[in-house]
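S.K.: heads up, no residue letters with this:
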């Protein structure tokens with residue numbers, strides 16, 4: 001069965017902005033899907049801090065088969081850095097009328113069941129959610145601060161990629177299960193949509209690493225906002241504006257090595273890495289549209305795409 005997807009077309013010359021957004025990191029952690037599913041994980045253990053009311057408030061935003069939430073969940077100003085306390089005060093201060101208008105606008109007057117249940121007392125939900133995020137932020141703030149160098153590295157990488165019109169490669173990493181197709185970001189979405197955002201600013205908000213979640217707002221008339229996990233510690237690139245910084249050194253080296261069609265087993269041997277590591281790196285390059293993979297009998301064959309060739313030329317990369 002085909003999985004519904006959203007497709008967002010973005011101009012490779014689009015203006016790009018990176019924001020430092022701890023509020024969205026707290027919101028992403030608050031997903032707590034694992035606790036609701038009975039799975040033991042770091043996210044589920046953090047969610048054990050939630051009271052029953054807080055967990056019920058959070059459950060509205062992680063209901064199975066639903067990905068659309070009211071606009072009040074997004075930062076007040078998606079184009080700038082956020083302050084967690086300010087955003088939580090904003091949630092607590094929302095009036096019933098504001099929340100009703102938000103739900104009506106988001107769901108065209110017909111909220112799904114998990115949101116219909118808060119209609120009688122929406123301000124209680126927003127306060128309970130703010131309380132959950134408040135307690136959660138106290139637990140995860142040290143992690144957020146510890147990962148600051150990774151976010152700064154990401155901002156530099158995005159700026160260099162945008163300058164070289166390689167934004168599609170960055171976007172391929174903007175969703176844990178997303179990829180790009182001819183300048184279009186494609187990612188699984190229960191309420192799949194098609195959006196031409198070629199005239200909008202792209203705002204990227206790296207959230208904490210190890211989160212398997214991405215949050216987006218595609219409804220703003222002037223920008224596309226994507227919050228996604230920043231990669232964890234990676235070896236520093238010798239050239240911060242180069243291909244190693246954009247792709248990571250291992251993927252850059254692999255892309256350069258693909259001067260023809262290679263079997264995965266031979267590629268792993270040539271790169272002197274484990275087959276599982278080669279598969280992981282190739283998966284990322286496939287998602288970015290830089291290589292293709294096909295099966296021939298028992299062999300898996302990999303080769304660079306024209307986009308991969310163009311990226312090497314753009315960055316002056318030679319094997």
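M.R.: Okay, I see it. Just so we're clear, the structure is a prediction, and the values are computed from it rather than from any experiment.
S.K.: contacts, neighbours, all on C-alpha from now
M.R.: Fine.
S.K.: Regarding this structure, what is its longest helix?
M.R.: The longest helix of the chain (DSSP state H) is helix 122-146.
S.K.: what is the orientation angle of the very next helix or strand once past that one with helix 122-146?
M.R.: Using DSSP states H and E, the helix or strand that follows helix 122-146 in sequence is helix 148-163. Computed by axes from the mean of the first three to the mean of the last three CA atoms, to 10 degrees, the angle separating helix 148-163 from helix 122-146 equals 90 degrees.
S.K.: Which neighbouring elements make contact with helix 148-163?
M.R.: For helix 148-163, the elements it packs on are strand 16-18, helix 167-171, helix 243-247, judged by 3 or more CA pairs under 8 Å, 6 or more residues apart in numbering; DSSP states H and E.
S.K.: Leaving out chain neighbours, which residue sits closest to residue 161?
M.R.: residue 167 (5.6 Å; CA to CA, 6 or more residues apart in numbering).
S.K.: Any regions of the stretch 51-200 of the chain where pLDDT drops low?
M.R.: Applying pLDDT under 70 to the stretch 51-200 of the chain flags the ranges 64.
S.K.: From the chain's centroid, how far away is the longest helix of the chain?
M.R.: Helix 122-146 sits 20 Å away from the centroid of its parent chain (CA atoms, centre = their mean, to the nearest Å).
S.K.: Can you list the neighbours in contact with it?
M.R.: Helix 122-146 is contacted by residues 22, 26-27, 29-30, 46-47, 49-51, 53-55, 57-58, 84-85, 88-89, 91-92, 94-96, 99-100, 118, 208 when judged by CA atoms under 8 Å, 6 or more residues apart in numbering.
S.K.: Next: stretch 276-284.
M.R.: 250-251, 264, 267-268, 291.
S.K.: again, only using 6 Å
M.R.: 251, 268 (CA atoms under 6 Å, 6 or more residues apart in numbering).
S.K.: sec struct for residue 119, please.
M.R.: coil (DSSP: H, G, I helix; E, B strand; the rest coil).
S.K.: ok, and the closest non-adjacent residue to it?
M.R.: residue 100 (7.1 Å).
S.K.: If you tally nearby residues, what's the number for that neighbour?
M.R.: Residue 100: 19 surrounding residues under other CA atoms under 10 Å.
S.K.: do residue 145 as well
M.R.: 12.
S.K.: do residue 113 as well
M.R.: Neighbours around residue 113, by other CA under 10 Å: 10.
S.K.: any idea how far residue 28 is from it?
M.R.: If you measure residue 113 against residue 28 using CA to CA, to the nearest Å, the figure is 22 Å.
S.K.: export the helices and strands packed on helix 148-163 to CSV and tack on distance to residue 123 and mean neighbour count?
M.R.: Listed next are the helices and strands packed on helix 148-163 as CSV, based on distance: least, CA to CA, whole Å; neighbours: other CA atoms under 10 Å:
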stretch, distance to residue 123, mean neighbour count
strand 16-18, 31, 20
helix 167-171, 36, 24
helix 243-247, 44, 23
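S.K.: what about those, which gets the closest to residue 161?
M.R.: Closest approach to residue 161 among these (CA to CA): helix 167-171, 5.6 Å.
S.K.: and the next helix or strand after that closest one, what does it pack onto?
M.R.: Next helix or strand after helix 167-171 toward the C-terminus (DSSP H and E): strand 179-181. Helices and strands touching strand 179-181, as assessed by 3 or more CA pairs under 6 Å, 6 or more residues apart in numbering; DSSP states H and E, comprise strand 184-188.
S.K.: which residues are contacting the next helix-or-strand element following the strand it packs on?
M.R.: Using DSSP H and E, the helix or strand that follows strand 184-188 in sequence is strand 194-196. If you take CA under 6 Å, 6+ apart as the criterion, strand 194-196 is touched by 6-9.
S.K.: Pull up the per-residue confidence for residue 277.
M.R.: Residue 277 is assigned 93 on the pLDDT scale.
S.K.: What strand or helix carries it?
M.R.: Residue 277 belongs to helix 275-287 when assigned by DSSP H and E.
S.K.: Which is the succeeding secondary structure element to that helix?
M.R.: Toward the C-terminus, helix 275-287 is succeeded by strand 291-296 as the next helix or strand (DSSP H and E).
S.K.: For that following strand, buried residues please.
M.R.: By 16 or more other CA atoms under 10 Å, the buried positions in strand 291-296 come out as 291-293.
S.K.: same question, stretch 85-101
M.R.: For stretch 85-101, by 16+ other CA under 10 Å, it's 87-88, 90-92, 96, 99-100.
S.K.: How far does it sit from its chain's centre?
M.R.: That offset, for stretch 85-101, works out to 25 Å (CA atoms, centre = their mean).
S.K.: For it, measure first residue to last.
M.R.: 24 Å.
S.K.: Could you list the residues in contact with that stretch?
M.R.: Identification of contacts with stretch 85-101 by CA under 6 Å, 6+ apart yields 122-123, 126-127, 130.
S.K.: any chance of those in CSV, with distance to residue 243 and neighbour count too?
M.R.: Formatted as CSV, the contacts of stretch 85-101 follow (distance: CA to CA, whole Å; neighbours: other CA atoms under 10 Å):
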residue, distance to residue 243, neighbour count
122, 48, 21
123, 48, 21
126, 44, 26
127, 46, 21
130, 41, 24
